[in-house]
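Peer 1: 3D model of this:
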Amino acid sequence: MGIPVKSDTEDLSAEAKWTRREINWLACVSLGFGALFSYPMLVNLRDVSVQYDWDFESELHWVAYYTVAHFHQFPIWNPYKCGGMGMLANPQSRFLTPFFLLHLLLGPSVGAHLEVILHLSICWAGCYVLARELGMRPVAAAVAGTAFSASSWFPLHIGEGHLVMLPFAYLPWFLVLMMLAVKTGKWTPSVVAGALFAITFGEGGVLIFIYASPLIALFAMYLCLELRSSRPMTFLAAAGIFGATLSAVKLLPSYELVVLHPRQPWGFAFSTWSNIAEILFSHDQARHAEGDRFFVEFGTYVSPTFWLLGIVGIVFFRKRIVPWVLAAGLMLWLVRGDNAVVPLWTYLKALPLYSMMRIPSRFFIVLAFCIALIAASGADEIQHRMRRRGQILVAVLLGIGALDSFVVGTPFLRHAFDRKGPDLPYSTAFRQFDDVYPLDMTLVARADMGFVSCYEYTRWITNVLGWNDPGYKGEQYMEGPGSARLLYWTPNVLRYEVETPAESIMKINQNYDAAWRLVRGRGRLFSDGGLLAVEVPPGRQAIELVCRGTAFVVGAFISLAALLVGVSICLAEWRGSRTSRGRT
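Peer 2: So this is what the prediction gives:
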């Protein structure tokens, strides 16, 4: 059963009739859109981005790349940040994604910049496919893709370095899979949606589904009522279970880390109606963001041409826009924050996960998504009523809106390259470094040094000292009699030769974490003032420490099992479909 339901009064298909020509056209146009609307990434493809939060992301990219390419290890531990912390466990690390192959093949800078282009392409294509599955014509579907993907939220966040926002590109695809699950009654769409969930989390997008979940839930409820079926809720449950199990290899370590180092919420947060008008309609998005960096959290410009099409969509109301109108109203309610007459945002923060959210402004992104689909419905209505002339009119309005959005938002991406710090001398051996400026993490890590005074998702307290700090004793030293000599150093494996005439303690200038294990030598591994320490008996011996916590091992087993089950389900249904087609 398709959405919307066919009727005599609507010249709309219940579902898209895809042709090879349209699929090829979609691939070319979406890639072209991604390249054009993120052209600063292409122009500066090989540059190392270290401006603002790009430094945060680039450091994580480089460490994951270097751990795999140089040490041939899975990135479990990050010794280059905060005195040592979980790499896999970091909720905002981004290497558990197919796009990490680009980093490995082309380097982390080129890989990250290509990721931006490809995610924007995926976003445009997803909105297009969703609109087509909702029964809209191709030009109207292009309106949906352009209105959302060209909105200023993307260049403002990405120009600032919020690459964890890239998985918003998967939101329309998740909704498409929900519709496909309802239409076919198969489990494969739930498996694929679960995989998208896992990729989203693997790309550091833990916030994405938190902010998008009200829309997803509302759309599922709409489908349940419209089709009088429980399949949408079954889809959500199955996708959630499969996504959680497939991402368990990261989910379990991340849960441990966040419990020990919770994200600190902020205080009162709200948007006034005048602020909302400026956020959605102001043509000076870049100027606002350059004058106040915090504006990147709010700016969501939608071109007036798309607003005009949206008004048409509401005036000539169709049932298919019900979930988007309701969701848009809900998003406006939420972005009002703690200052609303009934502060829904305040109540939402009392729920698990939402308690870690700091500001409601990212609901503006979901609002732009809803506006794009309402505008697409208006564009489709014009074509329906005016036929050929309507198609030309919509195409003209689409071009104007695309150009307007390009001029307003896209140039802000160049700010990702405003700061290009000098390369530091490469350290002959790994050692910790301290600096009062927390946004040099990438440059320090590329010099093979750890950055102590780091910038992270929460305040990170450490007793690790940099080699340039008073009282620095080395990267390993004895607290008592004896000597310790480094034999082998990698992010996940540390090996030392220890010699002591009496019982003593070897201390390592990295943060203690329960994921570390003593796998060779006699002694007891423990935390000494927050540092890795090994209590050793008298004598001479080799000590080896390995980072491979229980959460990682258990999570890897669960993820592997989920992958095997998911692939088996998809293969079984694919074979069943082939058999059915063969019989007919």
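Peer 1: Correct me if wrong: Glu59 contacts Lys81.
Peer 2: Yes: Glu59 is within contact range of Lys81, at 6.5 Å (criterion: CB atoms under 8 Å). For every residue, glycine as well, the C-beta is placed using N, CA and C.
Peer 1: Mutual contacts of these two, please.
Peer 2: Common neighbours of Glu59 and Lys81, counting by CB atoms under 8 Å, 6 or more residues apart in numbering, are Met441, Ala445, Phe451.
Peer 1: okay, and the helix or strand of the protein with the least pLDDT?
Peer 2: Lowest on mean pLDDT, DSSP states H and E among the helices and strands of the chain sits helix 285-291, with a mean of 78.
Peer 1: Okay, domains of this structure per the record?
Peer 2: Using automatic domain parsing, the domain parsing of the chain gives 26-417, 476-548.
Peer 1: The last one spans what distance, first to last residue?
Peer 2: From the first residue to the last, domain 476-548 extends over 21 Å; the measure is CA to CA, to the nearest Å.
Peer 1: Please apply the same query to the longest one.
Peer 2: With CA to CA as the measure, the first residue of domain 26-417 is 31 Å from its last.
Peer 1: Next one: Leu130, what pLDDT does it get?
Peer 2: Listed pLDDT for Leu130 reads 97.
Peer 1: So it versus Tyr170, what's the distance?
Peer 2: As judged by CB to CB, to the nearest Å, Leu130 and Tyr170 stand 12 Å apart.
Peer 1: same thing with Trp18?
Peer 2: Distance of Trp18 to Tyr170, given as CB to CB: 20 Å.
Peer 1: Just the terminal-to-terminal distance for stretch 314-332.
Peer 2: One end of stretch 314-332 to the other measures 17 Å (CA to CA).
Peer 1: Not counting that stretch itself, show me its contacts.
Peer 2: By CB under 8 Å, 6+ apart, stretch 314-332 touches 3-5, 10, 134-135, 214-215, 218-219, 222, 226, 276, 313, 363-364, 366-367, 370-371, 373-374, 377-378, 381, 385.
Peer 1: ok, the residue lying closest to Ala286 once chain neighbours are set aside - contacts?
Peer 2: Nearest residue to Ala286, sequence neighbours excluded (CB to CB, 6 or more residues apart in numbering): Phe412, at 4.7 Å. Shown in contact with Phe412 (CB under 8 Å, 6+ apart): Ser152, Pro155, Leu156, Gly159, Gln285, Ala286, Ala289.
Peer 1: switch the cut-off to 7 Å
Peer 2: Phe412 makes contacts with Pro155, Leu156, Gly159, Ala286, Ala289, as judged by CB atoms under 7 Å, 6 or more residues apart in numbering.
Peer 1: And the strands in the chain?
Peer 2: With strands called from DSSP state E, the chain shows them at 77-78, 85-86, 431-433, 449-451, 476-479, 483-489, 493-500, 504-511, 516-520, 524-528, 531-536, 539-547.
Peer 1: Nearest to Arg336 among those would be which one?
Peer 2: strand 85-86 (36.0 Å; CB to CB).
Peer 1: Please work out which residues outside the closest one touch it.
Peer 2: Here strand 85-86 has contacts from Trp77, Asn78, Pro253, Leu257, Asn511, Asp513, Ala515, using CB under 7 Å, 6+ apart.
Peer 1: Can you tell me which of those is nearest Phe557?
Peer 2: Nearest member of those to Phe557, counting by CB to CB, is Pro253, at 13.2 Å.
Peer 1: that older thread, ok, Trp18 and Tyr170, which is more surrounded?
Peer 2: Using other CB atoms under 10 Å, the more surrounded residue of Trp18 and Tyr170 is Tyr170, with 25 against 12.
Peer 1: Please verify my assumption that the more buried one contacts Leu196.
Peer 2: Yes: applying CB atoms under 7 Å, one finds Tyr170 in contact with Leu196, separated by 4.9 Å.
Peer 1: sorry, back to before: could I have the buried ones of the contacts of stretch 314-332 as PyMOL selection syntax?
Peer 2: In PyMOL, this line selects whichever of the contacts of stretch 314-332 come out buried by 16 or more other CB atoms under 10 Å:
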select buried, resi 3+4+10+134+135+214+215+218+219+222+226+276+313+363+364+366+367+370+371+373+374+377+378+381
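Peer 1: Tell me which of the contacts of stretch 314-332 fall in helices.
Peer 2: 214-215, 218-219, 222, 226, 276, 313, 363-364, 366-367, 370-371, 373-374, 377-378, 381, 385 (DSSP state H).
Peer 1: how about the nearest residue to Asn463 once chain neighbours are set aside, what does it touch?
Peer 2: Nearest non-adjacent residue to Asn463, counting by CB to CB, 6+ apart: Gly530, 4.7 Å away. Listed by CB under 7 Å, 6+ apart, the contact set of Gly530 reads Thr462, Asn463, Asn511, Tyr512.
Peer 1: Tell me how many other residues surround the first one.
Peer 2: The criterion is other CB under 10 Å. On that basis, Thr462 has 17 neighbouring residues.
Peer 1: from what I can see Leu118 touches Gly34, true?
Peer 2: Yes: Leu118 lies in contact with Gly34 (CB under 7 Å); the separation is 6.3 Å.
Peer 1: neighbour-wise, which of the two wins?
Peer 2: Shown here are Leu118 and Gly34; by other CB under 10 Å, Gly34 has more neighbours (25 against 19).
Peer 1: Model confidence score at the nearest residue to that one once chain neighbours are set aside, please.
Peer 2: Distances taken as CB to CB, 6+ apart put Ser121 closest to Gly34, at 3.2 Å, once the chain neighbours are dropped. Looking at Ser121, its pLDDT stands at 98.
Peer 1: mind listing what Ser121 touches?
Peer 2: Per CB under 7 Å, 6+ apart, neighbours of Ser121: Ser30, Leu31, Phe33, Gly34.
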